[in-house]
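> Everything below, folded, please.
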Amino acid sequence: MTAHRAALWRDPERLLLPPIRMGIALVLLTPLVTAPWTLYPFSVGKALWARVLIAVVFALWAVLALMRSGWRPPRSALLWVLAAGLAAALLSAVFGVSPQHSLWSTYTRMQGIVNAAHWAAFALVVASVARTWADWTRLLNANLAVGLAVSAFAIVRFAAPETPLPFPFREGYWPRIGASAGNPILLGAYLQAIALLAIGFLVRSCCAPPAPAPEAARYRKPAARRRRARESRKVTAPPAPGDGWWRRLFWAATACSALAGLTLTGSLGAGAGLGAGLGAACLLYALFGRARRARRLGLAGLGALGACALVLALVLALRGGEAPAPAAEPDRTAGEQSVRPTLRGGNVMLERATSAEWVGFTLGNRLRSWEAGLKAFAERPLLGWGPDNYFVASARHLSAPRERTRVQDHAHNLLVEEAAGKGALGLAAWLALWGLTGLVVLRAARRIGDARERALAVFAGAVLAGWFVQGQTSFYSAESWLQHMLLLGFLTHIEAAMRAAREAEAPRRLPAALRLAAALPLPVSLRRAGLRALGAMRTALPRIRPGMRVAAGAAALGVAGASIASSAAIHAGAAAMWRADHGGPFIAEVE
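Here you go, the predicted model:
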């Protein structure tokens, strides 16, 4: 037994990798988690579940990365820009109107810098641990399995709303379904990502794996090669290894179930995001498809989406004079103003998307809120009002009638919220992250030779394009954070792989610092002194590194412990509020 333990310590991968991967898999279950014993069961339960698991996984990964350099983060500009965004948010919070609110947000939303830092740590760990395409295939398929469960529950909830299920909460937006997300907007954001990702796997399964050319190919005559190429095009490519009928059935069922659940949410932003994601995928194939059929299918998809948009515009124009459906009282279960539509038959998404009254009412409220946020940004343009202080910033400029708009805690527009909350500095970091994400996706669509890998890269970009569009009418939740950071880690893997391939083809170059020193007109004596200093540093580093590793590991464990302690305190406070709200001395419980 002692020898076995000693072997584990000599091989930390066997000891630490299994719990790290298990923790990542458990984080994927976040959309199914609720905490019914707290006052805000959906937001509090999901945030605490994810934070505790991310803290544990981050601490284990930090120890592993310090012991084995092969598990350290890949070189990625995406991760650096993500870290720059966190730094900008922290600086804005220090000079904002409420640093405490910027750090922790509220029980209702569970956002803030602390939450964003946890999800950034999740992206860092996933990008460091999942190093191969097989790792990412398993991870993304596990994510789709959770999405299938979420969408199936939403469908069952709509068909039998009174059935006792694992989430015993009533639908506050009926007939719109929030299910395990508690809010149709948040559920729609998650399901449009799941649907696009499942479609991407279906497209990938239709791509033939790359067949390496035989050794004797270069000795054949050109005519023989052309004849063999014509014969190979006549034969349908066999399915790729591992993509059997049962996998295709799983992906098709997931895509259909997610699309059905998406229509039940009635979220117009999610519908727009789905169309934008499909349009982005079709455009990438139309521009960079290697095969003529792929380019034609991309153009056909763009034409179909354009026709759907035209039909929708015509229907809205024809139904513009119709009165909206009768509405019940405003819903207060989610802490924000909402009107419950009455389903007159058909699908709630179609009714809302084809009603000019519904679209105009929703868009009018959004535009008033965005206008107030932009005016607040003009007041404090450099660092803003601080993250998650949008309600303070916008309330100063919101002058709409009470029955139409009230002060919102979010702008329902990521761009406006970044500008008002973090100012020009945070907005620049946010735009840089999205711009770099788009650049990585474009490079992947152009440069990846394997059609199967290229399909996953294209549809990962489609998911993020859909969320970017939907984010202009929505805000982050645990579900959308999960999808964004998971796919950001995937694109980090693609970025690192493309950089490694490019460096393997290019001649080896000196580090930038040495090239700069060689280019400067320095005296010979100064150059020699610099080389001696570099040699001394190289000699001293092996002595300093063990202490630095121990200090870094202790710091990572301390940060993880602080995170878990804060999550326990948040849970205790939310549970006390729930007990006070459901009977008992309120003041005593709150104290």
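
> contacting residues for residue 448?
454, 457, 494, 498 (Cβ atoms under 8 Å, 6 or more residues apart in numbering). The C-beta positions use only the backbone N, C-alpha and C, and glycine is treated the same way.

> Nearest the geometric middle of this structure, what residue?
residue 484 (0.8 Å; Cα atoms, centre = their mean).

> what about that residue, distance to residue 123?
Distance of residue 484 to residue 123, computed by Cβ to Cβ, to the nearest Å: 8 Å.

> do the same with residue 267
Residue 267 is 25 Å from residue 123, where distance means Cβ to Cβ.

> Kindly report the same for residue 109.
Distance, residue 109 to residue 123, by Cβ to Cβ: 20 Å.

> quick one, which of those two is more surrounded?
Taking neighbours as other Cβ atoms under 10 Å, residue 109 and residue 123 compare with residue 123 leading, 25 against 19.

> Now the residue nearest to the centre of the chain: closest residue in space, sequence neighbours ignored.
Using Cβ to Cβ, 6 or more residues apart in numbering and skipping residues adjacent in sequence, the residue nearest residue 484 is residue 467, 6.2 Å away.

> I'd assumed residue 468 was in contact with the residue nearest to the centre of the chain.
No: with contact defined as Cβ atoms under 8 Å, residue 484 does not count as touching residue 468 (9.6 Å).

> Residue 124 - how many residues pack around it?
For residue 124, the tally of surrounding residues (other Cβ under 10 Å) stands at 24.

> again with residue 505
Counted with other Cβ under 10 Å, residues neighbouring residue 505 total 7.

> ok, now how distant is it from residue 447?
For residue 505, the distance to residue 447 - Cβ to Cβ - is 11 Å.

> Could you do residue 286 as well?
For residue 286 relative to residue 447 (Cβ to Cβ), the value is 17 Å.

> Of the two, which one has the most company?
The neighbour comparison of residue 286 against residue 447 (other Cβ under 10 Å) goes to residue 286, with 18 against 15.

> What is the host helix or strand of that one packed up against?
Assigned by DSSP states H and E, residue 286 falls within helix 268-288. The contact analysis (3 or more Cβ pairs under 8 Å, 6 or more residues apart in numbering; DSSP states H and E) places helix 268-288 against helix 184-205, helix 245-265, helix 292-318, helix 348-353, helix 414-447, helix 451-470.

> Phi first, then psi, for residue 175.
phi -90, psi 10 (degrees, to the nearest 10).

> what's the weakest-modelled helix or strand in the protein?
When the helices and strands of the chain are scored by mean pLDDT, DSSP states H and E, helix 222-234 comes last with a mean of 51.

> Who are the contact partners of residue 53?
Applying Cβ under 8 Å, 6+ apart to residue 53 gives the contacts 23, 26, 27.

> so what's the nearest residue to the last one once chain neighbours are set aside scoring on pLDDT?
In this structure, residue 27 finds its nearest non-sequential neighbour in residue 53, 5.0 Å apart by Cβ to Cβ, 6+ apart. The per-residue pLDDT reported for residue 53 equals 97.

> and the next element down the chain from the strand or helix carrying residue 53?
Residue 53 belongs to helix 41-67 when assigned by DSSP H and E. Counting by DSSP H and E, the element after helix 41-67 in chain order, helix or strand, is helix 77-94.

> heading toward the C-terminus, what's the first helix or strand past that next one?
helix 99-104.

> Toward the C-terminus, what is the element adjacent to that following helix?
Using DSSP H and E, the helix or strand that follows helix 99-104 towards the C-terminus is helix 112-129.

> got any ranges where this structure has weak pLDDT?
Counting by pLDDT under 70, the ranges of the chain that qualify are 1-10, 163-169, 210-243, 320-346, 399-407, 506-522, 524-528, 530-547, 583-591.

> what's the neighbour count on residue 14?
The tally of other residues near residue 14 (other Cβ under 10 Å) stands at 11.

> Check residue 498 too.
A total of 17 residues lie near residue 498 under the criterion other Cβ under 10 Å.

> And residue 149, by the same measure?
Residue 149: 16 surrounding residues under other Cβ under 10 Å.

> residue contacts, it?
Counting by Cβ under 8 Å, 6+ apart, residue 149 has contacts residue 32.

> Now it: phi and psi?
Phi and psi for residue 149, reported as degrees, to the nearest 10, are phi -60, psi -40.

> Could you tell me how far it is located from residue 465?
As judged by Cβ to Cβ, residue 149 and residue 465 stand 25 Å apart.

> again with residue 297
Using Cβ to Cβ, we find residue 297 at a distance of 18 Å from residue 465.

> thinking again about what came up before, tell me what angle the helix holding residue 53 forms with helix 184-205.
On the basis of axes from the mean of the first three to the mean of the last three Cα atoms, to 10 degrees, helix 41-67 is oriented at 50 degrees to helix 184-205.

> what inclination does helix 41-67 have with respect to helix 112-129?
50 degrees.

> Looks like residue 247 contacts residue 205 (just checking).
Yes: look at residue 247 against residue 205 with Cβ under 8 Å: they come within range, at 6.9 Å.

> So for the two, which residue has more residues nearby?
residue 205 (19 against 16).

> The more buried one is in contact with residue 246, isn't it?
No: counting by Cβ under 8 Å, residue 205 stays clear of residue 246, with 11.4 Å between them.

> Which members of the contacts of residue 53 occur in strands, if any?
Among these, the subset assigned to strands under DSSP state E is empty.

> I'd like the distance between residue 372 and residue 413.
From residue 372 to residue 413 the distance is 11 Å (Cβ to Cβ).

> Compare these two (neighbour count), which wins?
Neighbours per residue (other Cβ under 10 Å) separate residue 372 from residue 413, with residue 372 holding more: 25 against 22.

> residues contacting the more buried one?
393, 394, 395, 396, 397, 398.

> can you put the residues you listed in JSON lines and add secondary structure?
Below are the contacts of residue 372 laid out as JSON lines (DSSP: H, G, I helix; E, B strand; the rest coil):
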{"residue": "393", "secondary structure": "helix"}
{"residue": "394", "secondary structure": "helix"}
{"residue": "395", "secondary structure": "helix"}
{"residue": "396", "secondary structure": "coil"}
{"residue": "397", "secondary structure": "coil"}
{"residue": "398", "secondary structure": "coil"}
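
> nearest to residue 251, of those?
Comparing these against residue 251 with Cβ to Cβ places residue 394 closest, at 42.0 Å.

> Quick check: which element contains the residue nearest to that closest one when sequence neighbours are not counted?
In space, and not counting its chain neighbours, residue 394 is closest to residue 372: 4.0 Å by Cβ to Cβ, 6+ apart. For residue 372, the host element (DSSP H and E) is helix 356-379.

> ok, now residue 155?
Element membership for residue 155 (DSSP H and E) is helix 133-159.

> In that helix, which residues are buried?
Of all the residues in helix 133-159, those buried under the rule 16 or more other Cβ atoms under 10 Å are 133, 136-137, 139-141, 143-144, 146-155, 157-158.

> Stretch 87-105 now?
Buried residues in stretch 87-105, defined by neighbour count with 16+ other Cβ under 10 Å: 88-93, 96, 99, 101-105.
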